[in-house]
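Q: Quick one, fold the following:
(chains A, B and C)
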Amino acid sequence: MRALKKKDIPSSLLDFYNSLFKSFGPQGWWPGDTRFEIIIGAILTQNTAWTNVEKAIKNLKAKGLLTPEKMHRIEHTELAGLIRPAGYFNIKAKRLKHFINHLFDNYNGSLERLFRKNAASLRQELLGINGIGPETADSIILYAASYPEFVVDAYTKRVFSRHGFVGEDISYEEMKAVFMDNLPKDLTMFNEYHALIVRLGKDYCKTKKPLCEQCPLSRFL
DNA sequence: TGCCAGGCCGGGT
DNA sequence: ACCCGGCATGGC
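A: This is a model prediction of the structure:
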């Protein structure tokens, strides 16, 4: 594997991005109609296939429950039943409630007011809610609040460690810093970059059977 | 059939 | 500061 010099990291990260964009085109994330739906999806997709999350969202939509007010009133048992296809339904019902309760306790249920904070303090506040960790927080900030926070996930670590950028046991914050410190803080680019990495991971970078020969990034190996 | 999916928490070293 | 078991459904 080639050695990567520090000064080459910014251009290499952009080369990666341009190759992915050229191969897959814009991904148009987040897949959701409203900011509220994006937040719900971000919590429901924790360690879960998105196709399963879609079924849960569909159930909530069918009952007209995808608003802060309705979700605030619904009972745990009913909510857990509706999000059942997303897996971990009991714990995720609690996590959704923790976020909603925080929203009503502090902002009268208004996302507009919550997102009035700057990105750094918003992140700290989200991380204080039980059930919201670093990836979920950054997803909410990037895709719902529209601040340029880079989102790291399992695919990001896998792809970039396999290509020699980082060690495979790198922490979340370290992996995030690689992007934040070496790329322009561009909202659209951060948005697409993360989505493209997920797309790459799903199509070519599975744990058991990576398809490195056909991968659009094979020339970087 | 077993493995995996866009993590996170709580309790233990 | 890490390490690990638990949480659960649906698709291949």
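
Q: how about the helix or strand containing residue A:136 as PDB, C-alpha atoms only?
A: Per DSSP states H and E, residue A:136 falls inside helix A:134-139. Provided in PDB are the C-alpha atoms of helix A:134-139 (Å, rounded to 0.1, in the frame of the first residue of the first chain):
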ATOM      1  CA  PRO A 134     -22.000  11.000  17.500                       C
ATOM      2  CA  GLU A 135     -23.200   9.700  14.200                       C
ATOM      3  CA  THR A 136     -26.800  10.300  14.800                       C
ATOM      4  CA  ALA A 137     -26.000  13.800  16.100                       C
ATOM      5  CA  ASP A 138     -23.900  14.700  13.100                       C
ATOM      6  CA  SER A 139     -26.500  13.300  10.700                       C
END
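
Q: Show me the domain layout of chain A.
A: By the assignment in automatic domain parsing, chain A contains the domains A:6-28+A:150-220, A:35-144.

Q: In a markdown table, list the ones you listed along with mean neighbour count and mean pLDDT.
A: Yep, even glycine has a C-beta here, placed from its N, CA and C like the rest. Listed next are the domains of chain A as a markdown table, based on neighbours: other CB atoms under 10 Å; pLDDT from 0 to 100:
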| stretch | mean neighbour count | mean pLDDT |
| --- | --- | --- |
| domain A:6-28+A:150-220 | 16 | 96 |
| domain A:35-144 | 17 | 98 |
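
Q: Quick one: closest of these to DNA strand B.
A: domain A:35-144 (2.2 Å; CB to the nearest atom of the strand).

Q: can you tell me the distance between the two ends of that closest one?
A: Length of domain A:35-144, first residue to last, CA to CA, to the nearest Å: 5 Å.

Q: now check the following helix or strand past the helix holding residue A:136, is it near DNA strand C?
A: Towards the C-terminus, the helix or strand next in line after helix A:134-139, according to DSSP H and E, is helix A:154-162. No: applying CB under 7 Å from any atom of the strand, one finds helix A:154-162 separated from DNA strand C by no less than 12.6 Å.

Q: Verify the stated contact: residue A:94 with residue A:129.
A: No: counting by CB atoms under 8 Å, residue A:94 stays clear of residue A:129, with 11.1 Å between them.
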